[in-house]
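K.L.:
Predicted model follows, preceded by the sequence.
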Amino acid sequence: MQDCATKTSENIIQTLRKTPAVAWPTVILLVVAYGIMGTTSWACFTGHLPLWVGAVVNSICLYMLFTPAHESMHRNASANSTVNEWVMYIATFVVIPFGSGQLMRVMHMQHHRFTNEENDPDHFLSSHFYLMPLWGFWPFLYLFQYARNPAKCPSISVRSTVREFTIGFGVIIALFVMEPMAMLVLWLIPIYCGFFLMCVVFMVLPHYPALVRADEDIYKATLIRKGWEWLLTPLLMYQNYHLVHHLYPTIPFYRYIKAWNGKLDFHLSKAPTIVGAFEINGKPPAQN
């Protein structure tokens, strides 16, 4: 009977791991974020909304865009590689000005490979609260890390990276000269705020205090956040189940809860770190 249950749970996970032809929740999130951001920016430019409202809305939209970007980095947006790469490009085009997302993908894969280690590009920034003001700049810190030693990322072309960021910053400067206040309030400040939210939701809340490395115990290198799921699951873009993402990176974000529950007894037997809805960090559940 136990073998049958184990086989069933494994079948559930394998089914959830199958990349859909198109991950429609991911694509819809991408379209909605751009639609709201575009409409809000237009309303601000035409005087129908104050700039501060646009700043708040655009910050939230830029935070939303990271989930399609993150999904496509893991090639979960579509089984068609061309479609998947376009999702990543579109999602990162505004978030990382005119970037293709390739550098972020490589750095993010290093986070998975070296979770909570010194080689984890997210580790130092997200495990120290005194660095909080820098959280809004974390993708640009990826660029800094890459610039220090491009040989660590041989799959990334230095020439294309320089070209992307030269164009991006060139356009930013040009637009800033033409519309300095709108540019600052509707794009630059929202980029910082959106990145800050991403850092909190994807790095700090799931990993802090980041004392256990994944190669030591992946079930304690990140966590499950239980409670208030009706609220936190949409707000955190399912990252309240971030442990599932590290266990099964090829499962799309909207399947995390099914994956956790589909193999629940096995997962709990590993003594994972489970925290309450509003805890910063917690201890593994006590063993019976």
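P.N.:
Now that the structure is in, tell me what you want to look at. Residues are numbered from 1 along each chain as shown.
K.L.:
Stretch 144-158: end-to-end distance?
P.N.:
End-to-end distance for stretch 144-158, by Cα to Cα, to the nearest Å: 13 Å.
K.L.:
actually stretch 95-102, not the one I typed
P.N.:
13 Å.
K.L.:
Show me how far it is from its chain's centre.
P.N.:
Centre-to-centre, stretch 95-102 and its host chain are 14 Å apart (Cα atoms, centre = their mean, to the nearest Å).
K.L.:
Let me see the mean pLDDT of that stretch.
P.N.:
What stretch 95-102 shows for mean pLDDT is 74.
K.L.:
What lies in contact with that stretch?
P.N.:
Outside stretch 95-102, the residues that touch it by Cβ atoms under 8 Å, 6 or more residues apart in numbering are 62, 65-66, 69, 72-73, 88-89, 91-93, 104, 139, 155-156, 160-161, 164-165, 167-169, 171-172, 191, 194-195. Glycine gets a C-beta too; all of them are placed from N, C-alpha and C.
K.L.:
Next: stretch 273-282.
P.N.:
Residues contacting stretch 273-282 (Cβ under 8 Å, 6+ apart): 205, 208-209, 219-220, 222-229, 232, 240, 243, 283-285.
K.L.:
how about that stretch: buried residues?
P.N.:
For stretch 273-282, burial by neighbour count (16 or more other Cβ atoms under 10 Å) applies to 273-275.
K.L.:
Ramachandran angles for Ala79?
P.N.:
The phi/psi pair for Ala79 (degrees, to the nearest 10) reads phi -70, psi -20.
K.L.:
give the contact list for the spatially closest residue to it that is not a sequence neighbour.
P.N.:
In space, and not counting its chain neighbours, Ala79 is closest to Thr19: 4.5 Å by Cβ to Cβ, 6 or more residues apart in numbering. With contact taken as Cβ under 8 Å, 6+ apart, Thr19 is in contact with 75-76, 78-79, 250, 252.
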